[in-house]
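Novice: Sharing a model that was predicted from the sequence below.
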Amino acid sequence: MSGATLLKESGPREVFCGLTSIVWLHRRMPDAFFLVVGSRTCAHLIQSAAGVMIFAEPRFGTAILEERDLAGLANAHDELNRVVKNLLARRPEIKTLFLVGSCPSEVIKIDLSRVAENLNIELKGQVTVLNYSGSGIETTFTQGEDGALKALIPLMPKSDQKKLLLVGTLANAVEDRLISIFNRLGIDNVESFPPRQSTELPSIGPETKVLLTQPYLTDTARELKNKGAEIIEAPFPLGVTGSTLWIQAAANSFGIEKSLVDSILNPLISRAKQALAPHVEKLSGKKLFLLPESQLEIPLARFLSNECGMEIVEIGTPYLNRDLMKAEIDLLPPDCRIVEGQHVERQLDRVRDSSPDLVVCGMGLANPLEAEGISTKWSIEMVFSPIHGIDQASDLAELFSRPLRRHDILNPKTLTTN
Amino acid sequence: MKKLHYVLHAPQGDTYADLLFTMIERRGSRPPVTYTTFQARDLGGDTAELVKGHIKEAVDRFNPEALLVGESCTAELIQDQPGSLAKGMGFDIPIVSLELPAYSKKENWGGSETFYQIVRNLLKGKSEELKQNWQEEKRRPRVNLLGPTLLGFRCRDDILEIQKLLGQHGIDVNVVAPLGASPADIIRIPDADVNVCLYPEIAESTCIWLERNLNMPFTTIVPLGVGATQDFLRELHEVLGMEIPQSVNESNNSKLTWYSNSVDSNYLTGKRVFIFGDGTHALAAARIANEELGFTVVGLGTYSREMARKVRPAAKALGLDALITNDYLEVEEAIKETSPELVLGTQMERHSAKRLGIPCAVISTPMHVQDVPARYSPQMGWEGANVIFDDWVHPLMMGLEEHLIGMFKHDFEFVDGHQSHLGHLGGKGTENINQRVKTTISNNSTNTSADPIWTHEGEKELSKIPFFVRGKVRRNTENYARQAGCREINEETLYDAKAHYKA
């Protein structure tokens, strides 16, 4: 590890729970349905966080626990069975149903795996029922995807085919682009997990090489490894350097000639650097503070400091997986301060003390900071936007330079007279 | 509220509630709430200690005049009793412990109960001293405005409008609560002569308590709309023991009445409107729509079960069955069923209306960021009635415009789907919606095997009907054809159906 300072903090947190990841998972797999087993509060969270549903018939819902469900457990199980059957009768297009555990369902110990098992027997394969936890007592924000993917792994067929498996939800356009680059390198067999259709799961075996596209897939990576797959160690594909190292790591693993890799990537790299230049000009020398939320904080800080010249005040991260983050932390500038966990009040004190130019934070904190004159960027945007890969580096940088540009437009500098 | 802090025993993730305030209302400060954000690993240990730690830190850091302590849905299950814990910690500020059963009650109940507990706890022991009324003290009458909250519908502007209105009648405002009030303000509540219950969902139980215990009467009419504003002024004068000046009956400082009488508004006559929202706003909307704008109310409902008792008779008076539900899909079905020309609802009904291609105005919470406008836009009082006229009428096509479209629709310049006042979508978005509506309609009609088939002539005739009623005409004609046993719909069937439904 480099000279990064790793600290831990605990106290009141201000992060989303894992249920929030349903917002992008339901769009990635349109034939799947996510049924949260939770309270009205859970229902409200995904409804308001996922205003997205106005554009589509929602592919998620909540089985709301009410007083009578709390009285006896058998009751709650029956109730859930009934809700699921109603849902499936109404929505015959559902191929995979995720029962998603929440804080209350975990605390009253509803055994969702047993419910899923019974339903699978009853439904005889018409619909696959799976379960995972998106509860706030166990997961933060993006960890929800980790749980959902882990639940799918037992269904993946076995195969001895040599292949590259990209793991983690990507925007479809970015995924197509990355696959076409791998194809050009001569890696023809490239698949993605999660797939675009929940029923078209990629196969897996000892010849599968896994390249993680997202940094929050701890459990998924471990399970894939248990299935015999090899996890390629690499930084994450954010920014020119991160994406280049990521692609190179895969190419190395497939024994592709370095000269071929260079000949294909070099033009992309120089073009991307050109596109990045105006943003670098804006971002260079500016102070950045990242509050913990999406788990993308470390790779983002690495990109913004190494390629955009930003000065990192602090990197907050909800939790730190040293194995998966090793390649990232090694690339960080020395003396970078990483704080795992959160005490939101103390952290905000540090934000104010350090007067940063830009703070990456959750939606609840953004306007209060803006009102204090501190520019912000919503971390949730990183999980919605196509930001992965060499070609997207300038788009990624633009997400951060825009608030600064806007700040300058609205607060023009006046000439000071001495 | 100010100088009040809330420690909420809740798991991580529940902090999303902050963003409702900072995003929807663009609040520049976080709500004064500390979440204990316990995790699974804390559950094995002593969560009570964790709660106490957070309470102490919150009191030290925020130095509130009073402390609220409560539990979220999950914390309720682990039974740490944070309220009793806080009371045992020896603070010298009032501690209000909240029990809000999340598994059986909903947000307005929670708001009402919280306000009630705050008032009750802070005014406990205050007896009905020998209080003098305004006549005895020879001062202007004083009232409290109770019920406005953050995230309430246009509360920010309503209280300004009502203050202005009361000022015109020589009535002063003593305390506005809970919005913007501090515990010290709550303690001043008894200094007023009368409570104005502006939002019964939040303030009614508090007003009843204040009446019983401190002998403070309260008003029950909510000044939404011209008629209701007049009724409210009359009621308030009566309760205060003031003479009702002639001006109350005559004064109508709202332009709504004249605008509604103006010739362009002729086209509003009988517009079919579907109303759904919280009890107070839905009831008021029904009255305004029916009495002041000349609309025909084709649906009325609320998600507040507490208000069902009031909404049911109001619907019945309009010849309707009230829709009492919190399932937005059920509301959407009801909208489809009644094919209104305007939907007045919450943001959920806006989504439904958008999907169905029907104009919509939001009249009640839950709302979205666009329902918190930058400009002054109350709903209550005279100006509120003006705002309501504009907000409800603008989504519709203007009277003359509707006529002109009918006249010129066969000119080659005319683009079908023209709807200059429908929503805020540009041309492209509007087209998409129309297409979507068309496809859903045609999908629906292929579902049933006994569906009549449209002949070429029938379709051609249908295309001459203005697009905004075409869906309805299509459905009506199909229903008629089914009833009449027609297998085919030609132009004659269309006219038959038209005559059938007009008859």
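Specialist: Structure received. Residues are numbered from 1 along each chain as shown, chains lettered A, B, ... in the order given.

Novice: Run through the residues that contact the residue nearest to the spatial centre of chain A.
Specialist: In chain A, the centroid-proximal residue (Cα atoms, centre = their mean) is A:Thr142; its distance is 4.6 Å. Contact analysis of A:Thr142 by Cβ atoms under 8 Å, 6 or more residues apart in numbering or on different chains lists A:18, A:21, A:214, A:216, A:294-296, A:383. Yep, even glycine has a C-beta here, placed from its N, CA and C like the rest.

Novice: could the residues you listed go into a markdown table alongside pLDDT?
Specialist: Listed next are the contacts of A:Thr142 as a markdown table, based on pLDDT from 0 to 100:
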| residue | pLDDT |
| --- | --- |
| A:Gly18 | 93 |
| A:Ser21 | 91 |
| A:Gln214 | 96 |
| A:Tyr216 | 96 |
| A:Ser294 | 92 |
| A:Gln295 | 94 |
| A:Leu296 | 96 |
| A:Val383 | 86 |
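
Novice: Show me the chain divided up by domain.
Specialist: By default, I'm working from chain A. A:18-139, A:163-259, A:274-410 (automatic domain parsing).

Novice: not quite, I wanted chain B
Specialist: B:4-104, B:134-249, B:256-396, B:425-502.

Novice: Quick check: phi and psi at the nearest residue to the residue nearest to the centre of chain A once chain neighbours are set aside.
Specialist: The shortest distance from A:Thr142 to any non-neighbouring residue, by Cβ to Cβ, 6 or more residues apart in numbering or on different chains, is to A:Tyr216 (4.0 Å). In terms of degrees, to the nearest 10, the main-chain angles of A:Tyr216 are phi -110, psi 20.

Novice: Return the distance of A:Tyr216 relative to A:Asn411.
Specialist: Per Cβ to Cβ, to the nearest Å, A:Tyr216 is found 36 Å from A:Asn411.

Novice: Looking at those two, which is more packed in?
Specialist: A:Tyr216 (26 against 9; other Cβ atoms under 10 Å in any protein chain shown).

Novice: Check whether the more buried one really touches A:Asp146, as I assumed.
Specialist: Yes: at 5.7 Å, A:Tyr216 and A:Asp146 qualify as touching, with contact defined as Cβ atoms under 8 Å.

Novice: Where does the prediction get shaky in the chain?
Specialist: Since no chain was named, I'll use chain A. Counting by pLDDT under 70, the ranges of chain A that qualify are A:1-2, A:49-58, A:71-74, A:414-418.

Novice: that answer is for a different chain, and I need it for chain B
Specialist: B:127-130, B:248-251, B:397-450, B:466-468, B:502-503.

Novice: And B:Gly357, how far from chain A?
Specialist: Distance of B:Gly357 to chain A, given as Cβ to the nearest Cβ, to the nearest Å: 14 Å.

Novice: count of residues packed around that residue?
Specialist: Residues near B:Gly357, counting by other Cβ under 10 Å: 22.

Novice: So it is in contact with B:Gly471, correct?
Specialist: Yes: under the criterion of Cβ under 8 Å, B:Gly357 makes contact with B:Gly471 at 7.3 Å.

Novice: Endpoints of stretch B:288-308, how far apart?
Specialist: One end of stretch B:288-308 to the other measures 19 Å (Cα to Cα, to the nearest Å).

Novice: List the buried residues of that stretch.
Specialist: For stretch B:288-308, a neighbour-count test (16 or more other Cβ atoms under 10 Å in any protein chain shown) marks B:288-290, B:292-293, B:295, B:297-307 as buried.

Novice: do stretch A:365-373 as well
Specialist: A:365-370.

Novice: In CSV, list these along with secondary structure.
Specialist: Shown next, in CSV, are those (DSSP: H, G, I helix; E, B strand; the rest coil):
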residue, secondary structure
A:Leu365, helix
A:Ala366, helix
A:Asn367, helix
A:Pro368, helix
A:Leu369, helix
A:Glu370, helix
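
Novice: Include distance to chain B when you put the residues you listed into TSV, please.
Specialist: Converted to TSV, those look like this (distance: Cβ to the nearest Cβ, whole Å):
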residue	distance to chain B
A:Leu365	7
A:Ala366	7
A:Asn367	4
A:Pro368	5
A:Leu369	9
A:Glu370	7
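
Novice: sorry, back to before: residues in contact with the residue nearest to A:Thr142?
Specialist: Here A:Tyr216 is in contact with A:142-143, A:145-146, A:168, A:294-296 (Cβ under 8 Å, 6+ apart).

Novice: Would you reformat the residues you listed as TSV and include distance to B:Asp264 and secondary structure?
Specialist: Listed next are the contacts of A:Tyr216 as TSV, based on distance: Cβ to Cβ, whole Å; DSSP: H, G, I helix; E, B strand; the rest coil:
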residue	distance to B:Asp264	secondary structure
A:Thr142	54	coil
A:Gln143	57	helix
A:Glu145	54	helix
A:Asp146	59	helix
A:Gly168	57	coil
A:Ser294	52	coil
A:Gln295	57	coil
A:Leu296	55	coil
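
Novice: ok, so of these, who is nearest chain B?
Specialist: A:Gln143 (10.9 Å; Cβ to the nearest Cβ).

Novice: Surely the closest one touches A:Phe16?
Specialist: No: counting by Cβ under 8 Å, A:Gln143 stays clear of A:Phe16, with 9.8 Å between them.

Novice: who's more crowded, these two?
Specialist: Shown here are A:Gln143 and A:Phe16; by other Cβ under 10 Å, A:Phe16 has more neighbours (31 against 25).

Novice: Please determine how far the more buried one is located from chain B.
Specialist: 6 Å.

Novice: So which of the buried residues of stretch B:288-308 sit within strands?
Specialist: B:297-302 (DSSP state E).

Novice: For A:Lys8, state which of these is nearest.
Specialist: B:Thr302 (49.0 Å; Cβ to Cβ).

Novice: Please verify my assumption that the closest one contacts B:Ala282.
Specialist: Yes: look at B:Thr302 against B:Ala282 with Cβ under 8 Å: they come within range, at 4.8 Å.

Novice: which residues do the two both contact?
Specialist: B:276, B:311.

Novice: between the contacts of A:Thr142, which is closest to B:Tyr501?
Specialist: Closest to B:Tyr501, out of all of the contacts of A:Thr142 and judged by Cβ to Cβ, is A:Ser21, at 49.4 Å.

Novice: which ones are touching the residue positioned nearest the centre of chain B?
Specialist: Centroid-nearest residue in chain B: B:Ser364, 1.6 Å away (criterion: Cα atoms, centre = their mean). Residues near B:Ser364 by Cβ under 8 Å, 6+ apart: B:153, B:276-278, B:280-282, B:345-346.

Novice: and the residue of the stretch 351-500 of chain B found nearest chain A, how many neighbours?
Specialist: In the stretch 351-500 of chain B, the residue that lies nearest chain A is B:His351 (4.4 Å; Cβ to the nearest Cβ). Residues lying near B:His351 (other Cβ under 10 Å) number 19.
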